[in-house]
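In: Structure, please.
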Amino acid sequence: MTGPTVPRRLDLASDLRDRSVFLFGPRQTGKTTYLKALFPHAPEFNLLRGEVFLRLSREPGRLRQELAAVARSRAPVIIDEIQKLPSLLDEVHDLIESRGLQFVLAASSPAKLRRGGVNLLGGRARIRRLFPFVSAEVPDWDLMRAINVGGVPSIYYSDDPVEDLRAYCGSYLQLEIQAEGLVRGVERFSRFLTAAALGCGQQVVFERLASDAAVPARTVREYFQVLDDTLVGELVRPFTPKRASRKPVSHAKFYLFDVGVANVLAGITRIEAGSAAFGRALEHLVYCELSARLGYTRDTRPLTFWRTADGSEVDFVVGDSVAIEVKASGSVIPRDLTGLRRLAEEAPLRRRIVVCGESAPRIVDGIELLPVREFLAALWNGEILDE
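Out: Residues are numbered from 1 along each chain as shown. Here you go, the predicted structure:
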């Protein structure tokens, strides 16, 4: 099924007042649709179109000539899939300098640009990222659908999301990994992806993951860098309080950029409420929402987690002031609050929150228990992270 046009939370208009913009985001997160809706009359060069790629790859200077024939407007020039022709950035750079033009340069991944030694226009363009759908964007957002199929726009509204997710993961391996030559041996990388998806939300022990994927530990480290470069996964570092009295762990946790993608890579086709898989997926969903909120608001505070050698843990810490634990249970018990209580002894927390399955908000010893929907609404209304 075809979904409705969804207004996105990303605001490029303010960036384009005085800069050009690189817009990154994994495939099918809606970059092209977003840009067409925001700038319907902007000059556009889509390098996925064979004839556009052919003429500009043969003669990059044609970009200047074609833009000279276009009436000046306040809309930026849009170049989609810029990573397919990095040499075009020399022309873009000069057009910014000589004609004062502004550009939106969209790409599924910055990996090829970085590998090619491109300087991303020497600071003349801001870097922004488009995430999959978040709860605040989707009319009548469905928690269980988001838990099962994630937020990639074409998949969220699909009639057959599991099959489309499988095709999506295959396209990633084929178009981003194999075609761009990011790894040697796509079969080994595919095994690694499955092992990484099975470990989403868990601490990464490279040697153990290497054994599960049947690849060397050094290669696993390189593969995680590929996931980071292609914006498909992120290692979340442990939080170390300034006055730590308990020894924190040193291993990072790993999350993929989308819950649905993680599910299909891990071989999960259906998650039921109340299951262990539901709890893991809910934590993953909260990670995705927090990551998008920080990105869209240009909030540079780190998103971390806290865990000690003796087992105390808090799922997420934003900066050093907001701690968030995720519990899918419909009845939070005192033991569920232990990690937040212990972290408060070591860090000057402004807020301690449990995102949970309870039916109504309540406060226990200064710890806020918020049902999932209430938490997400408050997050996007600026009531959780904004200081």
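In: which residue lies farthest from the center of the protein?
Out: residue 69 (37.7 Å; Cα atoms, centre = their mean).
In: Check the gap between that residue and residue 63 for me.
Out: From residue 69 across to residue 63, the span is 11 Å (Cβ to Cβ, to the nearest Å). Every C-beta, even on glycine, is put in place using the N, C-alpha and C of the backbone.
In: Which residues are in contact with each of the two?
Out: Between them, residue 69 and residue 63 share no contacting residue under Cβ atoms under 8 Å, 6 or more residues apart in numbering.
In: A helix includes residue 292, no?
Out: Yes. Going by DSSP: H, G, I helix; E, B strand; the rest coil, the assignment for residue 292 places it inside a helix.
In: Identify the residues contacting the residue lying closest to it once chain neighbours are set aside.
Out: Nearest non-adjacent residue to residue 292, counting by Cβ to Cβ, 6 or more residues apart in numbering: residue 131, 4.0 Å away. For residue 131, the contact set (Cβ under 8 Å, 6+ apart) comprises 25, 29, 151, 257, 288, 291-292, 295-296.
In: Pick out whichever of the residues you listed sits closest to residue 304.
Out: residue 291 (11.9 Å; Cβ to Cβ).
In: Enumerate every residue touching that closest one.
Out: Contacts of residue 291 by Cβ under 8 Å, 6+ apart are 131, 234, 255, 303.
In: Next, work out how far apart it and residue 385 are.
Out: 12 Å.
In: same thing with residue 316?
Out: The value you get for residue 316 to residue 385, if Cβ to Cβ is used, is 11 Å.
In: Touching both of the two, which residues are there?
Out: Joint contacts of residue 316 and residue 385 (Cβ under 8 Å, 6+ apart) are residue 290.
In: contact partners of the one helix or strand in the chain whose mean pLDDT sits lowest?
Out: Lowest by mean pLDDT, DSSP states H and E among the helices and strands of the chain is helix 111-115, with a mean of 73. With contacts defined as Cβ under 8 Å, 6+ apart, helix 111-115 is touched by 82-84, 86, 89, 107, 120, 176, 180, 182, 226, 229-230.
In: Go through these and say which is closest to residue 101.
Out: Distances from residue 101 to these, taken by Cβ to Cβ, are shortest for residue 89, at 13.3 Å.
In: Tell me who's in contact with the closest one.
Out: If you count contacts by Cβ under 8 Å, 6+ apart, then residue 89 has 82, 105, 113, 118, 121 around it.
In: which residues does the second one contact?
Out: Think residue 105. Shown in contact with residue 105 (Cβ under 8 Å, 6+ apart): 20-23, 79, 82, 89, 92, 125.
In: Name the nearest of those relative to residue 334.
Out: residue 23 (46.0 Å).
In: In ChimeraX, how would I select the buried members of the contacts of helix 111-115?
Out: In ChimeraX, this line selects whichever of those come out buried by 16 or more other Cβ atoms under 10 Å:
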select :82,83,84,86,89,107,120,176,180,182,226,229,230
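In: Can you flag which of the contacts of helix 111-115 belong to strands?
Out: Of the contacts of helix 111-115, the ones assigned to strands by DSSP state E are residue 107.
In: Save the contacts of helix 111-115 as a markdown table, and put in distance to residue 73 and pLDDT too.
Out: Formatted as a markdown table, those follow (distance: Cβ to Cβ, whole Å; pLDDT from 0 to 100):
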| residue | distance to residue 73 | pLDDT |
| --- | --- | --- |
| 82 | 21 | 93 |
| 83 | 26 | 88 |
| 84 | 26 | 88 |
| 86 | 26 | 88 |
| 89 | 22 | 91 |
| 107 | 23 | 92 |
| 120 | 25 | 69 |
| 176 | 33 | 82 |
| 180 | 34 | 73 |
| 182 | 37 | 81 |
| 226 | 39 | 90 |
| 229 | 34 | 88 |
| 230 | 33 | 89 |
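In: Show me the contacts of helix 111-115 that map onto helices.
Out: Among these, the ones falling in helices (DSSP state H) are 89, 226, 229.
In: For the chain, just list every one of the strands.
Out: Under DSSP E, the chain gives strands at 20-24, 44-46, 77-80, 103-107, 125-129, 233-236, 253-256, 303-307, 313-318, 322-327, 351-356, 362-364, 367-371.
In: Deepest-packed of those strands, please.
Out: Each of the strands of the chain was scored by mean neighbour count; the highest is strand 103-107, a mean of 25, by mean count of other Cβ atoms under 10 Å.
In: where does the protein have low pLDDT?
Out: Counting by pLDDT under 70, the chain shows low-confidence ranges at 1-3, 115-120, 244-248, 387.
In: Pick out the residue nearest the middle of it.
Out: With distances taken as Cα atoms, centre = their mean, the residue of the chain nearest its centroid is residue 257 (4.4 Å).
In: Setting aside sequence neighbours, what's the nearest residue to that one?
Out: Nearest one to residue 257, counting by Cβ to Cβ, 6+ apart, is residue 232 at 5.5 Å.
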